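Colleague: Fold the following for me, if possible:
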Amino acid sequence: MPSYCDKEVKVLLFEDNPADAHLVAEYFESSDLQVKCTEVKRLVDGLKVLENESFDLILLDLSLPDSQGISTLKLVTAHLKNEVVIVLTGDDDQQLSLDALKAGAQDYLNKDRLNSEILTRSINYAMERSQLVQSVEAHAREAANREGFLRRVFDATIDSMLILSESHEIKFLNRSASVLLEADAESLIGETFPFEVADERQHVELEIPGPGDSIRIVDLNAINLIWKGEKAILVVMRDMTRRRRAEAELRHEKERLAVMLDTISDAVIATDSNGCIERLNQEAERLTGFKYKEVSGKPLKEVLRFRHPGTGASISDPSQLLLTEERTNLEADLGIPLICKDETERLVSAEMRCILDDNSGNHGCVVVIRDVTNQKRAEDERFQSEKLRSISLLAGGIAHDFNNILTAVVGNISVARMDVDETDKVAPRLEAAEKAALQARSLTQQLLTFSKGESLALAATTIDELVEDCVLFMLRGSNVKCEVEKDDALWAVEADQGQISQVVNNLAINADQAMPNGGVISIKLSNVHVNTNEIRSLESGSYVCLQVKDQGTGISPDNIKRIFDPYFTTKQEGNGLGLASSYSIVQRHGGTMTVESVPGEGATFKVYLPRTTKPVVKAKEEKVEETTEIQSGSGRILVMDDMEAMMLVAGEILKVLGYEVDFSTNGEEAIDLYKKAKEAGNPFDAVVFDLTVPGGMGGEEACRILRQYDPSLIAIASSGYTTSNVMSDYQGAGFKAVVPKPYRIKEMSDALQRILK
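Modeller: Numbering: from 1, shown residues only. So this is what the prediction gives:
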């Protein structure tokens, strides 16, 4: 039973006896109900209150000074809105109680047997019954409205609608059904529906007699429903005669025109049933290079000349590719090469649709072609950039860890060599091991080429001498000749000469290996102007173009798409890093690299580097005197490195050199140790920072913070990989020296001696 104790119940009490009114008030107070009670002693006073205010409940004494009996209740109910009425009386009259309930009261209570529990229960039941009655009445009104609405909808629709009983007896039909069945509606009520009614999940097409000897085609659909409280079937019939006739007459023209209109922005070619061209739109003329007048009536294969996207073989019949499932996969991945009238090629997506009649007769085909050349080039460029970006992250991590390991190896070997006399038989082996470990730097250098962490030492320069020197050196002793052609006033570029040399070396090696039986490498250096969208991923402007052309076997279409992929190689002894690293270097210089090749006719690589207007400055050659002497020292050194083996070897090297050493694994620890030592009066003389600490503060940030604390800080940068240019511009970052990893005891000795003098 629902309870109304959680909300306030507004009550109007008709009671002229003060004692009874007081008793009812006490019952309310002892109940769970929250009651706001208004008392009136006369009927006329209560009716005035009802006109101005609404209540949840009315407690009505039928014996009032100005009204008696059932008439009192009837006068009150005439003024009700949604109030619930409970009659209170002192008489135990069953007939009176029945009359009160018939007149609209929800309950009848005897004052002599009234208590708090009875009153509370009566109020809850009375209000619940009132709500149920109101709900039932509302549902009844809604049902009546719905039925009336459905009847109006049925009569307004042009489809024929009938309501059938489960035994298919007609219970109702609209005007359209009367017209379709050619009978009066009233005469059909009660008759059995004369046609088969299909399952509600199916549509049935019927042929029924029409006027004269005609036949009507009717689409019949049925669905189960409830009609006037009983299970029934709604049958919907639609006259499809005219529609079927129109569809048969217009299908051919409608299909062709719809396809052509829907794809008018693309190249559209329509053929007849014999596969000969009936129409070309303007985009098709522009794309293929053929005019409609010169190809009208000719076979489609004379205009659409495709090459297979995978094999590169010519396709004699376009439908062999366009009407197979293979087209979708190849087109999505590669695009279809279309050979234009002028023998140039464009990458396209293409679709062929044939126009068929009811008997599968072919009325011709429509081919829709879209030029996706620029789109595919942009996708390839984005894909290439993503691959290089991924390998860049991998290379950076490998370089960092690898250099740390190399430092531990080289450091331990260099310390061990100090304890071994040169005449000892172990000395040559230690020296050889040290040299081998230092040679491993070249592998790290190759990995760093992919990473943006290795900063470029850019300088304005002309690259003609650099190119000639590199090529002549790489081809020394080869059976391949080299021819160099260059513009007289070659523009300057801003480049890292060491890295550009690596690019030239890789191109020269590839060209040489492509011609094992000898040949000529043609190198051309020229000033070029590039227009917008002329070369993918290259902005318009002025560039210096380095072209390297060989006379080798060329590159297949499949391989040329992957030629710059990291680790892709067709050479048995190759590692797939040469061209990939060259591509990365050129991109970081703001340029790009392209390749063109025809199998059997060699390959042509082009490198584009942006022109610079900065003046070319000749680099000064400085002679650095080297000495093999290792100098000892004294003082306190703090080493910050996240790798335990690295800390151990650094500590061993510094101790051998005569220094006291303390360690920290990240920037936060280094800052804390440095401050505590200085405040304790026992400061560090220098700090060796590892620049890269995965997941923690690196040396660059820690150095900056400590320099604010102590401007006289002496810091040394030591790293094999960093994402900043600290190693090339260490003074600008606040460091006094750099010791690149991997390092030997001598490099650390020299650095400390130089900055601690």
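
Colleague: all contacts plus neighbour counts: C-alpha atoms, from now on.
Modeller: OK.

Colleague: hang on, Pro309 packs against Pro337?
Modeller: Yes. Between Pro309 and Pro337 there is a contact at 6.4 Å, judged by C-alpha atoms under 8 Å.

Colleague: Quickly run through the sheet partners of the helix or strand hosting Arg370, with directions.
Modeller: Arg370 is part of strand 362-371, with elements assigned from DSSP states H and E. Strand 362-371 pairs in its sheet with strand 267-271 (antiparallel), strand 345-356 (antiparallel), by DSSP bridges.

Colleague: which parts of that strand are buried?
Modeller: For strand 362-371, burial by neighbour count (16 or more other C-alpha atoms under 10 Å) applies to His363, Gly364, Cys365, Val366, Val367, Val368, Ile369, Arg370, Asp371.

Colleague: Mind putting the residues you listed into JSON lines with pLDDT and distance to Leu43?
Modeller: What follows is those, written out as JSON lines (pLDDT from 0 to 100; distance: C-alpha to C-alpha, whole Å):
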{"residue": "His363", "pLDDT": "77", "distance to Leu43": "92"}
{"residue": "Gly364", "pLDDT": "83", "distance to Leu43": "93"}
{"residue": "Cys365", "pLDDT": "86", "distance to Leu43": "91"}
{"residue": "Val366", "pLDDT": "85", "distance to Leu43": "90"}
{"residue": "Val367", "pLDDT": "87", "distance to Leu43": "91"}
{"residue": "Val368", "pLDDT": "87", "distance to Leu43": "89"}
{"residue": "Ile369", "pLDDT": "86", "distance to Leu43": "90"}
{"residue": "Arg370", "pLDDT": "84", "distance to Leu43": "89"}
{"residue": "Asp371", "pLDDT": "83", "distance to Leu43": "91"}
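
Colleague: Out of those, which comes closest to Glu747?
Modeller: Nearest to Glu747 among these, counting by C-alpha to C-alpha, is Asp371 at 60.2 Å.

Colleague: Provide a list of residues in contact with the closest one.
Modeller: By C-alpha atoms under 8 Å, 6 or more residues apart in numbering, Asp371 lies in contact with Leu287, Arg346, Leu347, Val348, Ser349.

Colleague: From Lys741, how far off is the second one?
Modeller: Using C-alpha to C-alpha, to the nearest Å, we find Arg346 at a distance of 50 Å from Lys741.

Colleague: The third one now?
Modeller: When distances are taken as C-alpha to C-alpha, Leu347 and Lys741 turn out to be 49 Å apart.

Colleague: With neighbour numbers in mind, choose between these two.
Modeller: Lys741 (25 against 22; other C-alpha atoms under 10 Å).

Colleague: doesn't that one fall inside a helix?
Modeller: No. The assignment for Lys741 (DSSP: H, G, I helix; E, B strand; the rest coil) gives coil, which keeps it out of a helix.

Colleague: Tell me the confidence at it?
Modeller: Looking at Lys741, its pLDDT stands at 78.

Colleague: One more: Gly46?
Modeller: 87.

Colleague: burial measure for it, as a count.
Modeller: 20.

Colleague: before we move on, what about the one 10 residues further on?
Modeller: Residue neighbour count, defined by other C-alpha under 10 Å, stands at 16 for Asp56.

Colleague: same thing with the one 5 residues further on?
Modeller: Residues lying near Asp61 (other C-alpha under 10 Å) number 27.

Colleague: State the distance from it to Val410.
Modeller: From Asp61 to Val410 the distance is 110 Å (C-alpha to C-alpha).

Colleague: Go ahead and measure how far the helix or strand where Arg121 lies is from the middle of the chain.
Modeller: Assessed by DSSP H and E, Arg121 sits inside helix 116-156. Centre-to-centre, helix 116-156 and its host chain are 52 Å apart (C-alpha atoms, centre = their mean, to the nearest Å).

Colleague: and what of stretch 597-616?
Modeller: The answer for stretch 597-616 is 36 Å, by C-alpha atoms, centre = their mean.

Colleague: How about stretch 647-659?
Modeller: So, by C-alpha atoms, centre = their mean, the centroid of stretch 647-659 is 51 Å from its chain's centroid.

Colleague: Identify all contacting residues around that stretch.
Modeller: 407-408, 411-412, 415, 631-637, 639-641, 660-663, 745, 749.

Colleague: Filter the residues you listed down to the buried ones.
Modeller: Using 16+ other C-alpha under 10 Å, the buried members of those are 407-408, 411-412, 415, 633, 636-637, 639-641, 660-663, 745, 749.

Colleague: is it fair to say Gln551 lies in a helix?
Modeller: No. Counting by three-state DSSP, Gln551 is not part of a helix but coil.

Colleague: ok, it - how many residues close by?
Modeller: 19.

Colleague: OK, contacts around it?
Modeller: Neighbours of Gln551 in contact, by C-alpha under 8 Å, 6+ apart: Ala514, Met515, Gly519, Val520, Ile521, Glu601, Gly602, Ala603.

Colleague: at 7 Å instead, please
Modeller: Met515, Gly519, Val520, Glu601, Gly602 (C-alpha atoms under 7 Å, 6 or more residues apart in numbering).

Colleague: Only whichever of those are buried, select them in ChimeraX.
Modeller: Selection of buried members from the contacts of Gln551 for ChimeraX, criterion 16+ other C-alpha under 10 Å:
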select :515,519,520,602
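
Colleague: Dump the contacts of Gln551 to TSV, plus distance to Ile653.
Modeller: TSV is the format used below for the contacts of Gln551 (distance: C-alpha to C-alpha, whole Å):
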residue	distance to Ile653
Met515	50
Gly519	54
Val520	53
Glu601	58
Gly602	54
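
Colleague: doesn't Arg238 make contact with Arg216?
Modeller: No. Counting by C-alpha atoms under 7 Å, Arg238 is not a contact partner of Arg216; they are 10.1 Å apart.

Colleague: shared neighbours of those two, anything?
Modeller: With C-alpha under 7 Å, 6+ apart, Arg216 and Arg238 have no common neighbours.

Colleague: Closest to Lys561 out of the contacts of Gln551?
Modeller: Gly602 (15.9 Å).
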